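Enquirer: Sequence unavailable; structure follows:
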């Protein structure tokens with residue numbers, strides 16, 4: 001069906017290749033075809049899901065959240081309230097709410113996502129690991145590092161078993177684990193997962209923000225353990241440059257402040 005192909009192309013061009021205008025064009029084609037054939041709830045849900053993800057990448061978080069909420073309503077109507085595909089949309093809503101700093105609401109949605117995916121796909125499915133990781137990130141922002149670490153560790157176990165020890169996804173969980181140890185004032189324990197995440201991301205990650213996230217966390221762990229402060233400064237410099245190239249300029253200012261505070265230390 002042409003609508004299904006156009007919906008998939010919106011995902012490929014927008015989410016995978018960053019060609020946002022092309023993604024909007026294909027999403028519009030999918031919408032027009034669906035209107036012409038009288039609608040199809042599940043295809044319309046995935047058209048909204050995909051363009052919502054693209055709008056989130058563009059920083060259009062309000063529009064992204066609305067699209068994901070509409071996708072959820074259509075999936076529940078077409079599949080029922082307990083289908084794992086409903087869990088996917090719950091997780092997408094959680095991501096957008098977290099991006100809008102509505103983290104307590106986000107936690108409610110990601111918890112439902114975890115429950116639906118575990119029940120529908122099994123406790124070892126990689127999609128469940130993604131939601132555990134997202135739960136960890138939300139709990140970290142909420143100032144609950146130990147609970148966050150438990151979520152990250154569950155994601156790590158699944159990804160290692162299902163995808164291998166060097167898979168790129170692992171860097172999300174490993175960085176999260178390291179950050180929670182830093183929050184608990186345990187920089188020595190943070191070093192091992194952060195070094196591993198750093199190795200994976202330097203080899204495989206193309207996103208400047210993610211690389212900067214791991215570099216800055218590792219810099220803090222190295223500094224606070226007094227292991228290699230010259231390397232810590234170098235990593236923080238690289239993190240600042242990476243954040244400056246990304247959409248999160250405020251993080252570049254945070255790293256810059258961290259560096260200035262340590263300018264005279266050795």
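Expert: That came through fine. Model, not experiment: these values are computed from the prediction. Residues are numbered from 1 along each chain as shown.
Enquirer: could you pull out the helices for the protein?
Expert: Here the chain has its helices, by DSSP state H, at 2-11, 20-36, 41-57, 61-79, 84-99, 103-121, 126-141, 145-163, 170-183, 187-204, 208-224, 229-245, 249-261.
Enquirer: between the second one and helix 41-57, how many degrees?
Expert: Looking back up the chat, that one is helix 20-36. With axes from the mean of the first three to the mean of the last three C-alpha atoms, to 10 degrees defining the directions, helix 20-36 sits at 160 degrees from helix 41-57.
Enquirer: quick one: helix 20-36 to chain centroid distance?
Expert: Centroid displacement of helix 20-36 relative to its chain, using C-alpha atoms, centre = their mean, to the nearest Å, is 25 Å.
Enquirer: Check which helices and strands it sits against.
Expert: For helix 20-36, the elements it packs on are helix 2-11, helix 41-57, judged by 3 or more C-beta pairs under 8 Å, 6 or more residues apart in numbering; DSSP states H and E. For the C-beta atoms, the positions are set from N, CA and C on the backbone; glycine is no exception.
Enquirer: How much space separates residue 147 from residue 193?
Expert: Using C-beta to C-beta, to the nearest Å, residue 147 is found at 17 Å from residue 193.
Enquirer: Compare those two (neighbour count), which wins?
Expert: Between residue 147 and residue 193, residue 193 has the larger neighbour count (other C-beta atoms under 10 Å), namely 28 against 17.
Enquirer: If I look at the more buried one, what pLDDT would I see?
Expert: pLDDT recorded at residue 193 is 98.
Enquirer: which ones are touching it?
Expert: 174-175, 177-178, 181 (C-beta atoms under 8 Å, 6 or more residues apart in numbering).
Enquirer: Swap in 7 Å and give it another go.
Expert: 174, 177-178 (C-beta atoms under 7 Å, 6 or more residues apart in numbering).
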